[in-house]
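[1] Provided below are the primary sequence and the corresponding predicted coordinates.
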Amino acid sequence: MHEAINSLQSEINKLESVLNETKSLLTGSQDAELQKMVTEDTQRLQEAINTLKNAIKEIENGTSSEEVEEDSALANYDQNEVILEIRAGTGGTEAALFAHDLYRMYMRFVELEGFKAVELNNTPSDMGGIKSITLQVKGKGVLHYFINESGVHRVQRVPKTESGGRIHTSAASVAILPKLKKINIEIKPEDLEWEFFRSGGSGGQNVNKVSTAVRLIHKPTGVIVECQQERTQLRNRELALSMLESRIYQMMQEQQVKSIEELRADQVGSGDRSEKIRTYNFPQDRITDHRINTSWYGMQSILDGNVKKVFTELQDKLIAQESA
């Protein structure tokens, strides 16, 4: 009991610190929009603090208002929002360039379908590549198209830096994190490590004055998420925690375990070429999905965002396999 109370009190102390830092954004600012945001965040922070204080009282009184509701995994997912993560894997500079190609393909598809994407975190590499990028994608039924993209994507082509014309094999990993409508897993506050730093992105003059960007580490599993898109630390904290919950829940579903303690591996593995779900073969102008043993031709058109046919056929065949 004392350990739980100490953990809750520690979280209260952190939120109170964030509350003070959030209020400091108003110092010398005449930005009406910022003032409104800070006021809203201050109210939400105070409500969160009060909730935690009430939880301490419930523990002290030997009662709890928390009820666990059983529900299917599908019902817990918001069909209209996903977090899309792309990371360069094996292959150095060429892998980072391929990660950018995947990013461009997905973004073109998002534009063609009328979805909306917001960049949450981006770590670029040399020559226009991407080491890692995280996007929030929203749109009606967006989960249907992206749900099967998680895994290692392999590319075979002659890199721009290759003078001898040799074909190289590189890889990038993709992770799709559906948003949970209902959380029914327990993430202990003492298992979380929060890091705060100054955002390097756009967002106005106030964004670099305080540590609004957030890095959240879940110590038992080693899962790390970052968010710096929002203008206040509170909103970045909320979004980072939501991303973490979605990632851990999905890991639990994929590994068919019921507790965080049983988790042993990440959903996309190590990013090694051997763990591929799909191969993009440029010399043969062919994309092959190894889960359904199906290939599509017209590489450039697909990389230009015309990937809806791939998504739809993949979904249909995977469903057929599961029903067989």
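    Cool, got the structure.

[2] CA only for contacts and neighbour counts going forward, please
    Will do.

[3] Look up how far Ser163 lies from the closest residue to Gly92 other than its chain neighbours.
    Nearest residue to Gly92, sequence neighbours excluded (C-alpha to C-alpha, 6 or more residues apart in numbering): Ser170, at 7.9 Å. Note on Ser170: its distance to Ser163, by C-alpha to C-alpha, to the nearest Å, is 17 Å.

[4] hmm, back to that, tell me the contacts of the residue nearest to Gly92?
    Gly89, Thr90, Gly91, Gly92, Glu94, Ala95, Phe98, Arg154, Val155, Gln156, Arg273 (C-alpha atoms under 8 Å, 6 or more residues apart in numbering).

[5] where does the second one land on pLDDT?
    At Thr90 the predicted local confidence, pLDDT, stands at 85.

[6] re earlier: the contacts of Ser170 into a markdown table, with extra columns for distance to Ile287 and neighbour count?
    A markdown table is the format used below for the contacts of Ser170 (distance: C-alpha to C-alpha, whole Å; neighbours: other C-alpha atoms under 10 Å):
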| residue | distance to Ile287 | neighbour count |
| --- | --- | --- |
| Gly89 | 19 | 26 |
| Thr90 | 19 | 19 |
| Gly91 | 19 | 19 |
| Gly92 | 22 | 13 |
| Glu94 | 18 | 27 |
| Ala95 | 17 | 26 |
| Phe98 | 14 | 27 |
| Arg154 | 10 | 28 |
| Val155 | 9 | 25 |
| Gln156 | 10 | 17 |
| Arg273 | 15 | 20 |
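
[7] can you tell me which of those residues lies nearest to Arg247?
    Comparing the contacts of Ser170 against Arg247 with C-alpha to C-alpha picks out Gly89 as the nearest, at 19.1 Å.

[8] Does that closest one touch Ala95 like I think?
    Yes. Using C-alpha atoms under 8 Å, Gly89 is in contact with Ala95, at 5.9 Å.

[9] shared neighbours of those two, which are they?
    Common neighbours of Gly89 and Ala95 (C-alpha under 8 Å, 6+ apart) are Ser170, Ala171, Ala172.
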